[in-house]
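Q: Sequence plus predicted model, see below.
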Amino acid sequence: MKNAAVFCVAWVLASSLPAWSKNSEPALTLSKGARVGVVSLLAPEVTHYHSSSAIQDSFLKTHQVQWPIDSMFMDAVKQRISQMGLEPVLIAPSQGLERGRQEFFVDNSINKGLSKPCADEFTQMASSNHVDAFVVLVPGLNDSAHAGSGRRRDLPDYLRGWGFVTKAQQPGDKPTVFDMTQVLLVSGTGGTALLRAREPGGDYSDVWSSFTPPADLKDVPEAQLDALKPIFSGLVGRQASRVFDQVYVVGGGGP
């Protein structure tokens, strides 16, 4: 019994440690000054899910927005990357990644690593853009394979990307903002790109505190949706920060 108790205490202490420390192996080691490609594969859209106790009153609508998601992602991560002594480089995804976005990141889970076609695209991109690693924003789903423990059981599994939730039975409440994305850390050297870390967005949420219901709840104006930009930027910045916690920089800097 004593040994069991000691084991339990040790397990609790171990599980409370950060993703890595200088006494453990980091997910990825980079040299100071290494170039990190910043890549977004997230579509410029926001999903509105309205929940009601009466099923016929619930609805889902996807709003197309004119947001530069790649620039938003760059702005969310560049300060942290620079503070680590690395160089952030905004890179457009290859045509192969664009075509394979649904297959690579949504239809299939990447918990066990990148598929060969997906890895090949990153390998070619690393070579042509002279980068050592990538931080990548990709869509995910509200299911256990993508969101993990952050899965929202009160919401449909098919919700993906960025969005917000309103509730008919609580008209005075402000919408909850959800982040069903994935931030990936991919190494680009060594001949084959490898997935080094992944942070799902299911655990990251916020409240749209400035929201005022429009005359038609199914038709939220884009100008009003623009208020969500800093909220989503903040969420993905926190999400990416967890990925950068697993990078160690040799020759100065560090997480």
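A: Cool, got the structure.
Q: for the stretch 151-255 of the chain, what spans make up the strands?
A: With strands called from DSSP state E, counting those that start in this stretch, the stretch 151-255 of the chain shows them at 161-167, 176-187, 194-200, 205-207, 247-250.
Q: Serialize those strands to TSV and add fields for mean neighbour count, distance to residue 89 and mean pLDDT.
A: Any C-beta I mention is one placed from the backbone N, CA and C, and that applies to glycine too. Shown next, in TSV, are those (neighbours: other C-beta atoms under 10 Å; distance: least, C-beta to C-beta, whole Å; pLDDT from 0 to 100):
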stretch	mean neighbour count	distance to residue 89	mean pLDDT
strand 161-167	23	24	94
strand 176-187	25	14	96
strand 194-200	21	17	95
strand 205-207	16	29	94
strand 247-250	20	15	95
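Q: How many neighbouring residues does residue 53 have?
A: For residue 53, the count of nearby residues is 9 (other C-beta atoms under 10 Å).
Q: Assess the claim that it and residue 167 are in contact.
A: No: using C-beta atoms under 8 Å as the test, residue 53 is too far from residue 167 to be in contact (9.2 Å).
Q: end to end, how far does stretch 181-197 reach?
A: Its start and end residues considered, stretch 181-197 measures 14 Å (C-alpha to C-alpha, to the nearest Å).
Q: Just give me how far that stretch sits from the chain centre.
A: Its chain's C-alpha centre and that of stretch 181-197 lie 14 Å apart, by C-alpha atoms, centre = their mean, to the nearest Å.
Q: Where does pLDDT dip in the stretch 101-250 of the chain?
A: Scanning the stretch 101-250 of the chain for pLDDT under 70 picks out 170-171.
Q: Phi, psi for the residue nearest to residue 251 when sequence neighbours are not counted please.
A: Excluding its sequence neighbours, the residue lying closest to residue 251 (C-beta to C-beta, 6 or more residues apart in numbering) is residue 32, at 3.9 Å. Main-chain dihedrals, residue 32, degrees, to the nearest 10: phi -60, psi 140.
Q: what's the neighbour count on residue 236?
A: Using other C-beta under 10 Å, residue 236 has 26 neighbouring residues.
Q: typed the wrong thing, it's residue 57
A: The number of residues packed near residue 57 is 11, by other C-beta under 10 Å.
Q: Please report how far it lies from residue 76.
A: Separation of residue 57 from residue 76 (C-beta to C-beta, to the nearest Å) stands at 35 Å.
Q: what's the answer for residue 191, then?
A: From residue 191 to residue 76 the distance is 30 Å (C-beta to C-beta).
Q: These two - which one has more neighbours?
A: A direct count of neighbours by other C-beta under 10 Å for residue 191 and residue 76 places residue 76 higher, at 24 against 7.
Q: the strands in the stretch 1-150 of the chain, which residues?
A: Secondary structure of the stretch 1-150 of the chain by DSSP E, counting those that start in this stretch: the strands cover 28-31, 35-40, 45-51, 59-64, 87-90, 133-139.
Q: Output the third one in PDB with nothing but the alpha carbons.
A: Read that as strand 45-51. In PDB, the C-alpha atoms belonging to strand 45-51 read as follows (Å, rounded to 0.1, in the frame of the first residue of the first chain):
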ATOM      1  CA  GLU A  45     -15.700  31.800 -42.500                       C
ATOM      2  CA  VAL A  46     -17.500  32.000 -39.200                       C
ATOM      3  CA  THR A  47     -20.200  29.500 -38.200                       C
ATOM      4  CA  HIS A  48     -23.200  30.600 -36.200                       C
ATOM      5  CA  TYR A  49     -25.000  27.800 -34.300                       C
ATOM      6  CA  HIS A  50     -28.300  28.700 -32.600                       C
ATOM      7  CA  SER A  51     -29.400  26.200 -30.000                       C
END
